[in-house]
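> structure for this input, please:
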Amino acid sequence: MAFAQRASILGEPVPIDRRAADNLRFIRDTMERAGSFTAVPGWGGVVIGVTALLAGALSVGSAAQRQFFIWLWEAVLALVIAITAVKLKSKRLDLSLQSRAAQRALLSFMPPLLAGAVLTVVLYRVDALNVLPGLWLMLYGASVVTGGAFSVRIVPVMGLCFMFLGAVSLAVPSGWGNWFLMAGFGGLHVGFGIAIARRHGG
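All right, here's what the predicted structure looks like:
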């Protein structure tokens, strides 16, 4: 479009193939934005990451039961922060949470989380708490990947990073679980949150 405008100003003829390519690029980008859920909160992710780092710091040296409940409360807090941040960003950018893209993202995001909640109860009952850090990271990552399929491109990449951390966590000594939770829910949220905020409007 810039080339066509410049040529028009200078009185030069605009090649029809160049104008068509510019128009097609504009249409493609517009359709991609319309079909994507772009209200993913970057700064909200940073806040979630900071609270996760604090939860991890509180959990260091604690018994497995205490670590479990600290991270459980952190999950509840993160959910509240995420919902609030999505609503605020949607309102600021004038994006509807009732759009088809938003509904698809939410419906795709929820099933792995629900599976994680059920498995958490089961594993807690059989006192298999050492498995939970890897499980949480992998299923949260799966949620982000599936929900991110209807969002900006960086979101599924973040989900894959969570899944990788979760897989590694299951392969190392169980005592390292808290550090992996800090690296994932803390470090990845902060790093990707900053990137999303800078590239996609906060």
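> what's downstream of the longest helix seen in the chain, the next helix or strand?
Determined from DSSP state H, the single longest helix within the chain is helix 64-92. Using DSSP states H and E, the helix or strand that follows helix 64-92 in sequence is helix 100-125.
> following that following helix, which helix or strand comes up?
As assigned by DSSP H and E, the chain's next helix or strand after helix 100-125 is helix 132-148.
> what about the spatially closest residue to residue 180 that is not a sequence neighbour, distance to residue 144?
Spatial nearest neighbour of residue 180, chain neighbours left out: residue 169 (4.0 Å); criterion: CB to CB, 6 or more residues apart in numbering. For the C-beta atoms, the positions are set from N, CA and C on the backbone; glycine is no exception. Distance, residue 169 to residue 144, by CB to CB, to the nearest Å: 16 Å.
> kindly report the same for residue 72.
Relative to residue 144, residue 72 is positioned 19 Å away (CB to CB).
> check contacts around residue 131.
123, 170, 174 (CB atoms under 8 Å, 6 or more residues apart in numbering).
> one more time with 10 Å
119-120, 123, 169-170, 174, 177 (CB atoms under 10 Å, 6 or more residues apart in numbering).
> which residue ranges make up each domain of this structure?
2-34, 42-199 (automatic domain parsing).
> export those as CSV, with columns for mean pLDDT.
Formatted as CSV, the domains of the chain follow (pLDDT from 0 to 100):
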stretch, mean pLDDT
domain 2-34, 51
domain 42-199, 90
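> tell me the most buried of these?
Neighbour counts (mean count of other CB atoms under 10 Å) averaged over each of the domains of the chain peak at domain 42-199, with a mean of 18.
> chain center to it, what's the gap?
Relative to its chain's centre, domain 42-199 lies at 8 Å (CA atoms, centre = their mean, to the nearest Å).
> would you mind putting the CA coordinates of stretch 128-136 into CSV?
Extracted C-alpha coordinates of stretch 128-136, given in CSV (Å, rounded to 0.1, in the frame of the first residue of the first chain):
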residue,chain,number,x,y,z
ALA,A,128,1.6,-39.2,44.5
LEU,A,129,2.4,-35.5,44.9
ASN,A,130,5.9,-35.9,43.2
VAL,A,131,4.2,-36.4,39.9
LEU,A,132,2.1,-33.1,40.1
PRO,A,133,4.7,-30.5,39.0
GLY,A,134,5.4,-32.3,35.7
LEU,A,135,1.6,-33.0,35.2
TRP,A,136,0.7,-29.4,35.9
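> is residue 112 in contact with residue 137, as I believe?
No: contact criterion CB atoms under 10 Å: residue 112 and residue 137 do not qualify, at 11.4 Å.
> ok, for residue 174, nearest residue in space, not its chain neighbours?
Leaving aside its sequence neighbours, residue 174 sits nearest to residue 130 (CB to CB, 6+ apart; 3.4 Å).
> correct me, but that neighbour touches residue 173?
Yes: using CB under 10 Å, residue 130 is in contact with residue 173, at 9.0 Å.
> residue 143 is in contact with residue 82, isn't it?
No: here residue 143 lies out of contact with residue 82, judged by CB under 10 Å, at a distance of 11.3 Å.
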